[in-house]
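[1] The following comprises the amino acid sequence and a computationally predicted model.
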Amino acid sequence: PMDGLPVHEFYSGPDPTQEQRFHIELKETEEIQGMRAACQLARQTLELAGRAVSPGVTTDEIDRQAHDFIVANGAYPSP
């Protein structure tokens, strides 16, 4: 990636195969807890981005703030 972060193993590329698209994966309790934590961070990030919106603030600045917040919380940001 352009920002120097490593590409994680969950990244399967832009076009999943039909098998990947229709595979149903059952999650363990620990995985579900991780998904909940990720969703909470996503909510917090959206709230932060919403608070940053005001006249004169560019979308690049809002993106930077969201990116920095995600990385500061130990998560891997979406490109």
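    Great, that's in hand.
[2] What is the subsequent helix or strand relative to the lengthiest helix in the chain?
    With secondary structure taken from DSSP state H, the chain has its longest helix at helix 29-52. Scanning forward in sequence from helix 29-52 by DSSP states H and E, the next helix or strand is helix 59-72.
[3] and residue 51, how far is that from residue 73?
    According to C-beta to C-beta, to the nearest Å, residue 51 stands 16 Å off from residue 73. Backbone N, C-alpha and C define where each C-beta goes, glycine included.
[4] In terms of neighbours, single out the busier of those two.
    Neighbours per residue (other C-beta atoms under 10 Å) separate residue 51 from residue 73, with residue 73 holding more: 13 against 10.
[5] how far is the helix or strand harbouring residue 19 from where the chain is centred?
    For residue 19, the host element (DSSP H and E) is helix 18-22. Between the centre of helix 18-22 and the centre of its chain there are 22 Å (C-alpha atoms, centre = their mean, to the nearest Å).
[6] so what secondary structure elements neighbour that helix?
    Counting contacts by 3 or more C-beta pairs under 8 Å, 6 or more residues apart in numbering; DSSP states H and E, helix 18-22 is packed against no other helix or strand.
[7] Could you pull up the mean pLDDT of it?
    Averaged over helix 18-22, pLDDT sits at 76.
[8] same deal with stretch 43-56?
    98.
[9] contacts for it?
    61, 62, 65, 66, 69, 70, 73 (C-beta atoms under 8 Å, 6 or more residues apart in numbering).
[10] switch to 7 Å and redo it
    With contact meaning C-beta atoms under 7 Å, 6 or more residues apart in numbering, stretch 43-56 is reached by 62, 65, 66, 69, 70.
[11] Next, give me the two most distant ones among the residues you listed.
    Spatial extent of these (C-beta to C-beta) is set by the pair 62 and 70 at 12.7 Å.
[12] ok, residue 48 - how many residues close by?
    Residue 48 has 15 nearby residues by other C-beta under 10 Å.
[13] ok, now residue 49?
    15.
[14] got it, and residue 56?
    Neighbours of residue 56 (other C-beta under 10 Å): 5.
[15] can you check the one 3 residues further on too?
    Other residues near residue 59 number 10, with proximity taken as other C-beta under 10 Å.
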